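Peer 1: With the input below, show me the fold.
(one chain, ligands or ions: 2)
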Amino acid sequence: MSVLPDPDVLAGLDRWRTLRADQQPAWPDATTLKEVTGELAAQPPLVFAGEADNLRERLAAASRGEAFLLQGGDCAETFDQLTADNIRDKVKTILQMAVILTYGASLPVIKMGRMAGQYAKPRSSDVETRDGVTLPAYRGDIINGFEFTERARVPNPQRLMSAYHNSATTLNLIRAFTSGGFADLRQVHEWNRGFMENPAYAQYDAFASEIDRAIRFMHAAGADFDALRTVDFFSSHEGLLLDYERPLTRIDSRTGLPYDCSAHFLWIGERTRQLDGAHVDYFSRVRNPIGVKLGPSTTAEDAIALMDRLNPDGEAGRLTFITRMGAGKIRDLLPALVEKVTADGRPVVWVCDPMHGNGITSANGYKTRRFTDVIDEVRGFFEVHGSLGTVPGGLHVELTGDDVTEVLGGSEEIDDVALTRRYETLVDPRLNHQQSLEMAFLVAEMLRGH
Ligand code: PEP
Ligand code: CO
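Peer 2: Ligands and ions are numbered 1, 2, ... in the order given. Down below sits the predicted model:
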């Protein structure tokens with residue numbers, strides 16, 4: 001029998017409309033928007049409530065130090081880049097990293113993509129000017145096109161439907177790749193061996209040999225590798241565009257409670273986490289596990305107030321704090337937050353995003369990050385949790401499975417000149433396949449030492 005929702009719960013889902021909502025597009029035409037959101041509301045959900053519940057339980061384990069979260073993918077997915085190869089290579093990179101981290105942590109790794117819906121971007125300015133021409137800023141493929149023309153840049157509500165279909169296609173591929181044998185532990189291990197053949201990565205040899213021995217031990221001991229042919233892979237994106245999230249929110253017939261069925265996990269961005277704003281209100285009302293990005297201006301009081309709004313009862317796994325302080329600041333700023341939140345007693349998962357606090361512009365004008373800064377922020381994250389005796393619960397990274405050249409450094413020593421070779425991102429620079437695996441080895445060492 002299905003449980004009907006409380007009328008107040010239903011009404012609450014539209015309260016955000018009365019609040020300040022930052023980073024929303026100026027849709028040119030309310031009638032079309034209404035038609036499209038109506039159409040979206042009639043589509044099947046992309047994920048199921050039970051899957052989000054399952055993820056919440058796993059995140060609860062991560063909050064206790066019994067699992068580790070790996071969340072990765074593009075800064076912004078694009079409709080153009082939705083190809084089977086692209087999705088496969090991103091999933092493959094995350095699976096390869098997860099095997100290395102599992103070994104380092106001796107813990108299950110929760111695998112989550114910034115995938116199948118990461119189409120809306122907050123921007124520092126509403127407009128962009130080039131050669132005296134000013135147009136609306138690019139806000140992600142769910143809203144407008146990247147091309148610098150009036151036609152492309154005017155927000156187009158039809159894009160909500162395209163984002164839904166592209167997300168469905170991406171999820172279908174992810175589900176096929178992770179349940180059809182592609183995720184087989186033995187195969188993922190073989191890929192990692194292939195990576196290690198490059199002499200540039202000699203510094204990780206000892207660690208890689210240990211993993212190799214562990215897999216051979218599992219074989220010898222009769223481990224059931226067939227059971228390791230499939231993995232759970234969760235989807236996530238920034239819950240930014242409320243005209244998309246609202247129509248995809250559905251009432252779970254088992255409980256009568258609302259779930260945002262656009263993804264398993266949604267996070268609130270650094271620019272939209274105002275306590276009295278639309279985003280915090282909206283995501284306080286859905287049952288999915290929720291994240292909030294915390295940048296360097298966050299006070300301990302802000303963090304506690306976010307808990308009051310988003311997880312008043314202290315349900316384990318419900319709330320994840322994704323800190324993005326910057327390598328130079330994390331050791332100074334994180335301790336006070338972690339101490340106050342820990343003293344409060346309500347559990348959170350602490351996750352490190354070492355990307356968004358470390359942006360720089362290269363001498364030749366590329367928006368980039370240094371691999372060493374990224375690693376240093378993760379190191380600072382582990383140091384702080386190590387000294388406080390708290391749990392470093394996961395890692396949030398912008399990455400791709402391709403050999404792009406967007407982040408400086410790594411063993412292949414990408415420099416300013418190399419950035420010009422294959423810089424493809426439309427928004428933030430991503431670790432490439434090799435840099436991602438290097439990061440996994442370095443973080444695995446930190447996890448082991450923890
Ligand atoms: C992002 O994750 O791409 C992003 C915009 O992050 P933040 O909200 O932390 O700036
Ligand atoms: Co980004």
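
Peer 1: need the contact list for the nearest residue to residue 149 once chain neighbours are set aside.
Peer 2: Excluding the flanking residues, the one nearest residue 149 by Cβ to Cβ, 6 or more residues apart in numbering is residue 135, at 7.6 Å. In short, each C-beta sits where N, CA and C put it, glycine included. Taking Cβ atoms under 8 Å, 6 or more residues apart in numbering, we find residue 135 in contact with 127-129, 148-150, 153.

Peer 1: Show me what counts as buried in the strand or helix carrying residue 135.
Peer 2: Taking DSSP states H and E as the criterion, residue 135 maps to strand 133-136. If you call a residue buried by 16 or more other Cβ atoms under 10 Å, then strand 133-136 has these buried ones: 135-136.

Peer 1: likewise stretch 369-381?
Peer 2: 369-371, 373-381.

Peer 1: again with stretch 290-305
Peer 2: Here stretch 290-305 shows 290-296, 298, 300, 302-304 as buried, counting by 16+ other Cβ under 10 Å.

Peer 1: ok, that stretch near ligand 2 or not?
Peer 2: No - using Cβ under 5 Å from the ion, no contact is recorded between stretch 290-305 and ligand 2, whose separation bottoms out at 10.0 Å.

Peer 1: what's the offset of that stretch from the middle of its chain?
Peer 2: When distances are taken as Cα atoms, centre = their mean, to the nearest Å, stretch 290-305 is centred 17 Å away from the chain's centroid.

Peer 1: next one: stretch 228-240
Peer 2: Relative to its parent chain, stretch 228-240 has a centroid offset of 9 Å by Cα atoms, centre = their mean.

Peer 1: Need the CA coordinates for that stretch. PDB is fine.
Peer 2: The C-alpha atoms that make up stretch 228-240 are tabulated as PDB, following Å, rounded to 0.1, in the frame of the first residue of the first chain:
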ATOM      1  CA  LEU A 228      33.500  -8.700  -7.400                       C
ATOM      2  CA  ARG A 229      32.400  -8.300 -11.000                       C
ATOM      3  CA  THR A 230      29.900  -5.600 -10.200                       C
ATOM      4  CA  VAL A 231      30.000  -2.500  -8.100                       C
ATOM      5  CA  ASP A 232      27.600   0.100  -6.900                       C
ATOM      6  CA  PHE A 233      28.200   3.500  -8.500                       C
ATOM      7  CA  PHE A 234      26.200   6.500  -7.300                       C
ATOM      8  CA  SER A 235      25.400   9.700  -9.200                       C
ATOM      9  CA  SER A 236      25.600  13.200  -7.900                       C
ATOM     10  CA  HIS A 237      25.600  16.800  -9.000                       C
ATOM     11  CA  GLU A 238      25.400  20.300  -7.600                       C
ATOM     12  CA  GLY A 239      21.800  21.000  -6.700                       C
ATOM     13  CA  LEU A 240      21.800  24.400  -8.200                       C
END
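
Peer 1: in that stretch, what counts as buried?
Peer 2: With burial defined by 16+ other Cβ under 10 Å, the residues of stretch 228-240 counted as buried are 229, 231-240.

Peer 1: picking that back up, need the buried residues of stretch 290-305 in a markdown table with secondary structure, can you?
Peer 2: Formatted as a markdown table, these follow (DSSP: H, G, I helix; E, B strand; the rest coil):
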| residue | secondary structure |
| --- | --- |
| 290 | strand |
| 291 | strand |
| 292 | strand |
| 293 | strand |
| 294 | strand |
| 295 | coil |
| 296 | coil |
| 298 | coil |
| 300 | helix |
| 302 | helix |
| 303 | helix |
| 304 | helix |
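
Peer 1: So which of these reach ligand 1?
Peer 2: Contacts with ligand 1 within the buried residues of stretch 290-305, counted by Cβ under 6 Å from any ligand atom: residue 293.

Peer 1: On the three-state scheme, the residue of the stretch 101-250 of the chain found nearest ligand 2 is what?
Peer 2: Residue nearest to ligand 2 within the stretch 101-250 of the chain: residue 121 (7.5 Å; Cβ to the ion). Of the three states, residue 121 takes coil under three-state DSSP.

Peer 1: Going by secondary structure, the nearest residue to it once chain neighbours are set aside is in what exactly?
Peer 2: Counting by Cβ to Cβ, 6+ apart, residue 121 lies nearest to residue 140, which is 4.1 Å off, once chain neighbours are set aside. Under the criterion DSSP H and E, no helix or strand holds residue 140.

Peer 1: burial count for residue 140?
Peer 2: The tally of other residues near residue 140 (other Cβ atoms under 10 Å) stands at 26.

Peer 1: That one against residue 119, yeah?
Peer 2: Yes - with contact defined as Cβ atoms under 8 Å, residue 140 counts as touching residue 119 (4.9 Å).

Peer 1: joint contacts of the two?
Peer 2: Counting by Cβ under 8 Å, 6+ apart, the contacts common to residue 140 and residue 119 are residue 76.

Peer 1: ok, the residue in the stretch 251-400 of the chain positioned nearest to ligand 1 - contacts?
Peer 2: Proximity of the stretch 251-400 of the chain to ligand 1 (Cβ to the nearest ligand atom) peaks at residue 269, 3.2 Å away. Counting by Cβ under 8 Å, 6+ apart, residue 269 touches 23, 122, 238, 240, 279, 293.
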